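In: 3D, please:
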Amino acid sequence: MKLKQQNLPQLPAHISRPAYAINEVTAGIAHIGVGGFHRAHQAAYTDALMNTGEGLDWGICGVGTRADEVAMRDALASQDYLYTLIELDDRPDTEVRVLASIRDMMLVGEDGSETVVARLADPAIRIVSLTITEGGYCMDDSTGQFNAALPQIQHDLENPSAPISVFGLLCAALAKRRGEGIGPFTIMSCDNLPHNGDVTRTATLAFANLVDADLANWIAQNVSFPNAMVDRITPMTSAAHRKALKQEHGVDDAWPVVCEPFVQWVLEDKFVAGRPAWEKVGVQFTDDVSPYEEMKIKLLNGSHLALTYLGFLRGYRFVHETMADPLFVEYIRQYMDKDVTPQLAAVPGIDLTLYKQTLIDRFSNCAIADQLERVCSDGSSKFPKFTVPTINRLIADNAELDRAALVVAAWAMYLKGIDENGTRYSIPDPRAEFCQSLVEEDEGLAERLLGREEIFGTHIPRSSAFRDAFERNLLRLRTLGVSGTLDLLLTR
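Out: Below is the predicted model of the structure:
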């Protein structure tokens, strides 16, 4: 049965569906970057709140800025913006649920900048949220400054009435609201990066200052940018997922979303124009998200990177395959226990021992079938946020460096584009060609790669101890392979 609003009553009884009147939902949130994670996280929380009978004025209007988002818009539009969320686990009681919190989606390329800006400037929109990936914030990781030289930013500076970038759209909409005497909206990042609200504020104000200093001052005084820690493993939806939904549940969904049962959202309660009562459906509000954020980024995201390039080199293609290898499990345990945990402050309400075991269990979930390629992607943007801070602290503490250095050595080997079985693969990174050029020649590789401050900052290139550890582990990978390297590292 095709997923459409008129067909909801005919769905099988075990499939959860909206308990609210879909036609009564109005948009209070505009979300830029409608992908799997947004649909499995923020949109799922919002739908859950609506199912309690609250928050129908907090529906979501999606906004797309990239050409490749047409397919998502078309898929959702073809089924009245409904979609199916499928939890994947070994347990028999996992949820299959139809959501309706997203009610519309606009594309800058088709609907036009003026139309999108007008929608963002609508007083009904009180939150603009973002999932635009780590690289979407236009920040130079080596300097911490906004990169105004990027083509889309230059376009918007030259064509302020027809913006195409995220920050061009935000500033144009805020300028329109200011000019019309309409209050500001909250800008809420839901991306996996440290202090995501602070980063969003820095980028927004940097762009605004290039356009209109008075506007920048108004934004600084009136717009809020809450920090958040978000967490849910959400693999790419595959043809097999669509087929299984159709065969096992009788639902023909053009683009369902699959995810693990675990979900977490810790959010600073800083909203200038109101917010949904998300705390009623499991969101944890706090005055300071920092300890939760550091825990998650260093333990989950850092451990993900620690296993993903090694696993890919070994010939594995899924996270659970990698975690079925006892060498990898022990390596990840030692990385978390010995390298990361000593760096973490106490996290209110969190038992770190239990949290780390939960991560092992989540990574080992074979039903989720999370692709290593997904975790490998955009490594040049992930390293500065997920791994470099841990390494910097290890260097400062004169601590053991081999486990962390192996993560970087594995990436260097991964960038060669061929695994231990001789299988060739492409590198999913916007800077893939540049990164691969750094490892093309073995002579001087450490200096070229580690010397890239936009990736590794300033401490790592200056640390002879880390360079030695990197070169030592790179040599081991070349001569002993992944399993031999892990065996030597874990038993010495």
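In: close enough to count as contact, residue 32 and residue 130?
Out: Yes. Using CB atoms under 8 Å, residue 32 is in contact with residue 130, at 5.1 Å. For every residue, glycine as well, the C-beta is placed using N, CA and C.
In: Mutual contacts of the two, please.
Out: Common contacts of residue 32 and residue 130 (CB atoms under 8 Å, 6 or more residues apart in numbering): residue 166.
In: Start from the N-terminal end of the stretch 151-300 of the chain and give the helices.
Out: 151-158, 166-179, 196-211, 213-222, 239-249, 290-295 (DSSP state H, counting those that start in this stretch).
In: and residue 405, what helix or strand is that in?
Out: For residue 405, the enclosing helix or strand under DSSP states H and E is helix 402-414.
In: in that helix, what's buried?
Out: Of all the residues in helix 402-414, those buried under the rule 16 or more other CB atoms under 10 Å are 402-414.
In: after it comes which helix or strand?
Out: Counting by DSSP H and E, what follows helix 402-414 is helix 432-438.
In: what's next to that next one, contact-wise?
Out: 379-380, 415-417, 426-427, 429, 445, 448-449, 452.
In: Any chance of a PyMOL selection covering the buried ones in the residues you listed?
Out: In PyMOL, this line selects whichever of the contacts of helix 432-438 come out buried by 16+ other CB under 10 Å:
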select buried, resi 379+380+415+427+429+445+449+452
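In: Let's have the contacts of helix 432-438 in TSV, adding pLDDT.
Out: As requested, those are arranged in TSV below (pLDDT from 0 to 100):
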residue	pLDDT
379	94
380	94
415	98
416	97
417	97
426	96
427	96
429	93
445	97
448	97
449	98
452	95
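In: which is the next helix or strand following the one helix or strand in the chain whose mean pLDDT sits lowest?
Out: None of the helices or strands of the chain scores lower by mean pLDDT, DSSP states H and E than strand 139-140, at a mean of 88. The helix or strand immediately downstream of strand 139-140 is strand 145-146, counting by DSSP H and E.
In: mind listing what that following strand pairs with, with the direction of each?
Out: strand 139-140 (antiparallel) (DSSP bridges).
In: Would you mind measuring from the nearest residue to residue 178 once chain neighbours are set aside to residue 209?
Out: In this structure, residue 178 finds its nearest non-sequential neighbour in residue 218, 5.5 Å apart by CB to CB, 6 or more residues apart in numbering. Distance from residue 218 to residue 209, counting by CB to CB, to the nearest Å: 12 Å.
In: Same question for residue 54.
Out: If you go by CB to CB, the gap between residue 54 and residue 209 works out to 39 Å.
In: the more surrounded of those two?
Out: residue 209 (18 against 14; other CB atoms under 10 Å).
In: where does the stretch 51-200 of the chain have low pLDDT?
Out: Scanning the stretch 51-200 of the chain for pLDDT under 70 picks out 92-93.
In: does residue 483 sit in a helix, a strand or a coil?
Out: helix (DSSP: H, G, I helix; E, B strand; the rest coil).
In: Isn't it up against residue 314?
Out: Yes. In this structure, residue 483 is within contact of residue 314 by CB under 8 Å, at 6.9 Å.
In: Of those two, which one has the most company?
Out: More crowded of residue 483 and residue 314, by other CB under 10 Å: residue 314, with 22 against 14.
In: burial count for the residue nearest to that one when sequence neighbours are not counted?
Out: Using CB to CB, 6+ apart and skipping residues adjacent in sequence, the residue nearest residue 314 is residue 482, 4.3 Å away. Close neighbours of residue 482, defined as other CB under 10 Å, add up to 26.
In: Report pLDDT for residue 482.
Out: Listed pLDDT for residue 482 reads 98.
In: Likewise for residue 388?
Out: 97.
In: show me what contacts it?
Out: Counting by CB under 8 Å, 6+ apart, residue 388 has contacts 455-457, 460.
In: and if you look at residue 308?
Out: Here residue 308 is in contact with 319, 322, 372, 375-376 (CB under 8 Å, 6+ apart).
In: redo that, cut-off 7 Å
Out: By CB atoms under 7 Å, 6 or more residues apart in numbering, the contact list for residue 308 reads 372, 375-376.
In: can you check residue 320 too?
Out: 364-366, 369.
In: again, only using 10 Å
Out: Contacts for residue 320 (CB atoms under 10 Å, 6 or more residues apart in numbering) come out as 362-370, 372.
In: For these, please prepare CSV with the additional fields neighbour count, distance to residue 346 and secondary structure.
Out: As requested, these are exported to CSV (neighbours: other CB atoms under 10 Å; distance: CB to CB, whole Å; DSSP: H, G, I helix; E, B strand; the rest coil):
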residue, neighbour count, distance to residue 346, secondary structure
362, 21, 22, helix
363, 23, 24, helix
364, 16, 27, coil
365, 19, 28, coil
366, 15, 33, coil
367, 15, 33, coil
368, 24, 30, coil
369, 18, 35, coil
370, 26, 30, coil
372, 23, 33, helix
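In: and those residues as TSV, adding pLDDT and distance to residue 94?
Out: Formatted as TSV, these follow (pLDDT from 0 to 100; distance: CB to CB, whole Å):
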residue	pLDDT	distance to residue 94
362	94	14
363	95	17
364	95	16
365	93	11
366	92	13
367	90	8
368	89	10
369	87	14
370	90	15
372	95	23
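In: wait, which of the residues you listed is closest to residue 340?
Out: Using CB to CB, residue 363 comes nearest to residue 340 of the contacts of residue 320, at 14.7 Å.
In: For the closest one, give me its contacts.
Out: 233, 260, 300, 303-304, 307, 319-320, 322-323, 328-329, 332, 370, 375.
In: count of residues packed around the closest residue to residue 348 other than its chain neighbours?
Out: Distances taken as CB to CB, 6+ apart place residue 291 nearest to residue 348, at 7.0 Å, with adjacent residues excluded. For residue 291, the count of nearby residues is 17 (other CB under 10 Å).
In: got it, and residue 77?
Out: 12.
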